[in-house]
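Peer 1: Provided below are the primary sequence and the corresponding predicted coordinates.
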Amino acid sequence: DAGVTQSPTHLIKTRGQQVTLRCSPKSGHDTVSWYQQALGQGPQFIFQYYEEEERQRGNFPDRFSGHQFPNYSSELNVNALLLGDSALYLCASSPTGGSDYGYTFGSGTRLTVV
Amino acid sequence: GNSVTQMEGPVTLSEEAFLTINCTYTATGYPSLFWYVQYPGEGLQLLLKATKADDKGSNKGFEATYRKETTSFHLEKGSVQVSDSAVYFCALNSGGYQKVTFGTGTKLQVIP
C-alpha cells in the first residue's frame, strides 16, 4: 500500500517564476494538508484541502494557492517566487474523522529559489 | 493561538543512555498530542500519540504521557540506539479539522 507520494523530489527555480508541486495521498485518505519546512525549523501549516475545497489556511500570502482533485490528489502552486520560499514542502494526508488521527507525510519536495 | 515549545538541541547521547526530550504546549480546548520523527532526507513519521489527559503513547521503546496539569508531553526512551539519531517534533491538534501545530524540533545524535 503506497503512502503519500510527492513530485518532484527536487526543484530549482528562478526568482519571480511560478512552481507547481504535486501530492497523491495515502489510499483511504481524503484530506490533504501542505506544510513548508525551512532548514532547521518545524513545519509551518500552509493550507488544508477536503472535498476539493480549501478548508483552513495558515499565515501564508495569496501567492500560495492549491487545488484538490476528485481522486483526492492535490497541487500546491506558488507564484512570483522569492528567495525566502526556498524550503522543503511537505504534503500530509489523513482520513476524515477528527483530531485523533496523525498525519501520513510524504518525503517532500525540496524547492530552491535562486 | 496554539503553540508548542520543545527543548533546544542538539542532544548528544551515548548508546544505551536514557533519553528525555521536553515538550510543553499552549492550546485551547483538549488537544491531541503527537511526536513525529524525521530521519535525514525524509519526511516526518508519526512516532506516537495521546488523545486525552493521562494517556500514554508508546512505540518502538519510546513513551510520552499527556500531562494536562503541566501542559506537557515529554518524550522518553530507556536505552537509545545509534539508529534513533534523527530530529524529533512535538505537535498538537486542537481542532476538529486536523490542523497540526509543530514545535521547532530537537535533533538527537546517538554515538556508539
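Peer 2: Okay, I see it. Numbering: from 1, shown residues only, chains lettered A, B, ... in the order given.
Peer 1: beta partners of residue 77?
Peer 2: With no chain named, the answer covers chain A. A:T20, A:S65 (DSSP bridges).
Peer 1: right idea, wrong chain: chain B
Peer 2: B:L19, B:F62.
Peer 1: just checking, it touches B:F62?
Peer 2: Yes - contact criterion CB atoms under 8 Å: B:K77 and B:F62 qualify, at 4.9 Å. In short, each C-beta sits where N, CA and C put it, glycine included.
Peer 1: and B:W35, how far is that from B:F62?
Peer 2: 7 Å (CB to CB, to the nearest Å).
Peer 1: same thing with B:A86?
Peer 2: Using CB to CB, one gets 11 Å for the distance from B:A86 to B:F62.
Peer 1: shared neighbours, those two?
Peer 2: Jointly contacting B:A86 and B:F62 under the rule CB atoms under 8 Å, 6 or more residues apart in numbering or on different chains is no residue at all.
Peer 1: about what we covered before: more neighbours: B:W35 and B:F62, which one.
Peer 2: B:W35 (26 against 20; other CB atoms under 10 Å in any protein chain shown).
Peer 1: where does the more buried one sit: helix, strand or coil?
Peer 2: Under DSSP: H, G, I helix; E, B strand; the rest coil, the three-state class of B:W35 is strand.
Peer 1: which residues are in contact with it?
Peer 2: Neighbouring residues of B:W35 by CB under 8 Å, 6+ apart: B:23, B:46-49, B:57, B:62, B:64, B:73, B:75, B:88-91.
Peer 1: mind running it again at 10 Å?
Peer 2: Residues counted as contacts of B:W35 (CB atoms under 10 Å, 6 or more residues apart in numbering or on different chains) are A:102, B:21, B:23, B:45-50, B:57, B:59, B:62-64, B:73-75, B:88-91, B:103.
Peer 1: beta partners for it?
Peer 2: With DSSP bridges applied, B:W35 shows beta-bridge pairing to B:L48, B:C90.
Peer 1: just B:K56 next, same as before
Peer 2: Beta-bridge pairing of B:K56 under DSSP bridges involves B:T65.
Peer 1: average model confidence for stretch A:17-28?
Peer 2: Averaged across stretch A:17-28, pLDDT comes to 96.
Peer 1: next, count neighbours for residue 61.
Peer 2: The chain I'm using is chain A. Quick note: A:P61 (other CB under 10 Å) scores 10 neighbours.
Peer 1: not what I meant, chain B
Peer 2: 13.
Peer 1: low-confidence ranges, chain A, go.
Peer 2: Applying pLDDT under 70 to chain A flags residues A:1-2, A:97-100.
Peer 1: let's see 80
Peer 2: Within chain A, the segments meeting pLDDT under 80 span A:1-2, A:96-101.
Peer 1: now the phi/psi pair for the residue positioned nearest the centre of it, please.
Peer 2: Nearest to the geometric centre of chain A sits A:W34, at 3.0 Å (CA atoms, centre = their mean). The phi and psi values for A:W34, taken as degrees, to the nearest 10, are phi -120, psi 140.
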